[in-house]
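Visitor: Return a 3D structure for these sequence lines:
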Amino acid sequence: MNDLIVGHVIESVTEQELRLFLRLLHRSSLTSRSDLVLIFSSQSDIAIFKSVIEEENESFSKLINRSREVNGSFASFDVTPFVKSTKKERDWGEPIWGRRTRSNYSDDGETESTRLSYGSVVSFMADELDPENSLTGFLDHVPMSLRRWACYPMLLGRVRRNFKHMMLVDVREVFLLGDPLSRLRTRSPESVHMATESTNIKHGKKNSAKTQSHSVSPAVVMGGSRGVRRLSNAMLTEIVRAVTQHKRKNPVTDSGLVNQLVGNEFLLKNANVVASTEPIPDASSLTGSNSNSGSSPLSLSKYTIFRRGNSNVDITSALMKQVCSLEVDSIVYSDCSKPK
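Guide: Down below sits the predicted model:
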């Protein structure tokens, strides 16, 4: 595969939230050219979520096989990106995560020139990528949102020659509906695209109006492999610098630090960082700010990516309900047939 998606799983993620992330990622067709690596905080987390990952991988295999059986006549899923020529497949060689797993699709529907193919899904504990827990000497408590930056140097350094583009995402916060990397594939390996998010700021006076402020979001970072590696290395240095400079162990956030970093051209002189001029849409953009999860269908067709945000919309239930309303999806996903 040409691209790599690295998702970090923060401590508060539920099984249903991880399931939704995986389901939407597979349906987005990103896994037709990307491998996925999930970083968990502990071995116990992997044990809890293992069945979710296996179930979603198996259901996705059923989805593309069933969709291919009917020649893509189901409008809910396009199998075309996953159909590869066997000649190109031989040129790829074996994947870096282990031996290639073949589709269990019956040979009756395949020809000698095509085969179904999609990327690997791999999990690591943070201790495997950051065995010394590097930030513990600087912070009393190291949340996954910060520790992930200490995990990236080993992971991204090891695979730097295997992938052209990379994406770092917060599994709970970010939903992938399409291919946001498509706009970056013609840019330089040093390029990095940072999404922005809008926040409401209320002024001190009573009854004063709120104003919107835009800042860079650490929930999604994407770009050329070289640029993403350089930014992640700089971010780890920035975390240590911020803590030691103030000589205290107060909590720091990756949101505040990544905005400081992006604003410092000297620290990122080796990476071409571009912040989006439009904020990444959140759940309220899909349903309307006054809507609830059951009021109306979600408007997903125009988005490739959006975030959960601080909306009171139960976006997890709303998205699951919409996926289950699609004919082929309702057949292959077992939870769609369970009583609500």
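
Visitor: pull the helix or strand with minimum mean pLDDT from this protein.
Guide: One helix or strand of the chain scores below all others by mean pLDDT, DSSP states H and E: helix 86-92, with a mean of 55.

Visitor: And the helices in this protein?
Guide: Per DSSP state H, the chain carries helices over the ranges 15-27, 43-69, 86-92, 126-129, 144-158, 225-246, 254-262, 283-287, 315-324, 327-332.

Visitor: Please identify which of these is closest to residue 172.
Guide: Closest approach to residue 172 among the helices of the chain (CB to CB): helix 15-27, 5.3 Å. Yep, even glycine has a C-beta here, placed from its N, CA and C like the rest.

Visitor: The closest one vs helix 315-324, what angle?
Guide: 50 degrees (axes from the mean of the first three to the mean of the last three CA atoms, to 10 degrees).

Visitor: Helix 15-27 to helix 43-69, inter-axis angle?
Guide: Counting by the same axes, to 10 degrees, helix 15-27 lies at 40 degrees to helix 43-69.

Visitor: Name the residues of helix 15-27 that are buried.
Guide: For helix 15-27, the neighbour count (16 or more other CB atoms under 10 Å) marks 17, 18, 19, 20, 21, 22, 23, 24, 25, 26, 27 as buried.

Visitor: now do stretch 150-162
Guide: Those would be 150, 151, 152, 153, 155, 156, 159, for stretch 150-162 by 16+ other CB under 10 Å.

Visitor: quick one: pLDDT of the residue nearest to residue 330 when sequence neighbours are not counted?
Guide: Computed as CB to CB, 6 or more residues apart in numbering, the closest residue to residue 330 that is not its neighbour in sequence is residue 336, at 4.5 Å. The model reports residue 336 with a pLDDT of 84.

Visitor: do the same with residue 322
Guide: pLDDT, residue 322: 82.

Visitor: Tell me how many other residues crowd it.
Guide: Applying other CB atoms under 10 Å, we find 15 residues neighbouring residue 322.

Visitor: can you tell me how far it sits from residue 24?
Guide: Residue 322 is 10 Å from residue 24, where distance means CB to CB, to the nearest Å.

Visitor: tell me which of the buried residues of helix 15-27 is nearest to residue 222?
Guide: Using CB to CB, residue 25 is the member of the buried residues of helix 15-27 that lies nearest residue 222, at 13.7 Å.

Visitor: mind listing what the closest one touches?
Guide: 5, 31, 36, 176 (CB atoms under 8 Å, 6 or more residues apart in numbering).

Visitor: again, 6 Å this time
Guide: Contact partners of residue 25, counting by CB atoms under 6 Å, 6 or more residues apart in numbering, are residue 176.

Visitor: Low-confidence ranges, the stretch 201-340 of the chain, go.
Guide: The stretch 201-340 of the chain contains residues with pLDDT under 70 at 201-213, 246-250, 285-301, 311, 337-340.

Visitor: try it again with 90
Guide: 201-217, 241-254, 256, 260-340 (pLDDT under 90).

Visitor: in this protein, which strand has the most residues?
Guide: The strand that spans the most residues within the chain, counting by DSSP state E, is strand 210-224.

Visitor: Just list whatever residues bridge to residue 165.
Guide: With DSSP bridges as the criterion, residue 165 is bridged to residue 3, residue 224.

Visitor: and residue 244, how many neighbours does it have?
Guide: Using other CB under 10 Å, residue 244 is surrounded by 11 other residues.

Visitor: That one: what's it in contact with?
Guide: Applying CB under 6 Å, 6+ apart, no residues contact residue 244.

Visitor: how near is it to residue 262?
Guide: Residue 244 sits 21 Å away from residue 262, going by CB to CB.

Visitor: which residues of the stretch 51-200 of the chain score low on pLDDT?
Guide: Ranges of the stretch 51-200 of the chain meeting pLDDT under 90: 61-119, 136-141, 160-161, 177-188, 194-200.

Visitor: Kindly recompute the last result at 80.
Guide: Within the stretch 51-200 of the chain, the ranges that satisfy pLDDT under 80 run 66-77, 84-116, 197-200.

Visitor: Now do the contacts for the residue positioned nearest the centre of the chain.
Guide: Centre of the chain computed as the mean C-alpha position; nearest residue by CA atoms, centre = their mean is residue 169, 3.9 Å away. Contact analysis of residue 169 by CB under 6 Å, 6+ apart lists 7, 220.

Visitor: quick one: it and residue 55, what's the gap?
Guide: Distance from residue 169 to residue 55, counting by CB to CB: 21 Å.

Visitor: could you dump the buried residues of helix 15-27 to a markdown table with pLDDT and distance to residue 282?
Guide: Output for the buried residues of helix 15-27, formatted as a markdown table (pLDDT from 0 to 100; distance: CB to CB, whole Å):
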| residue | pLDDT | distance to residue 282 |
| --- | --- | --- |
| 17 | 94 | 15 |
| 18 | 96 | 19 |
| 19 | 95 | 20 |
| 20 | 94 | 15 |
| 21 | 96 | 16 |
| 22 | 95 | 20 |
| 23 | 93 | 19 |
| 24 | 92 | 15 |
| 25 | 93 | 18 |
| 26 | 91 | 22 |
| 27 | 87 | 20 |
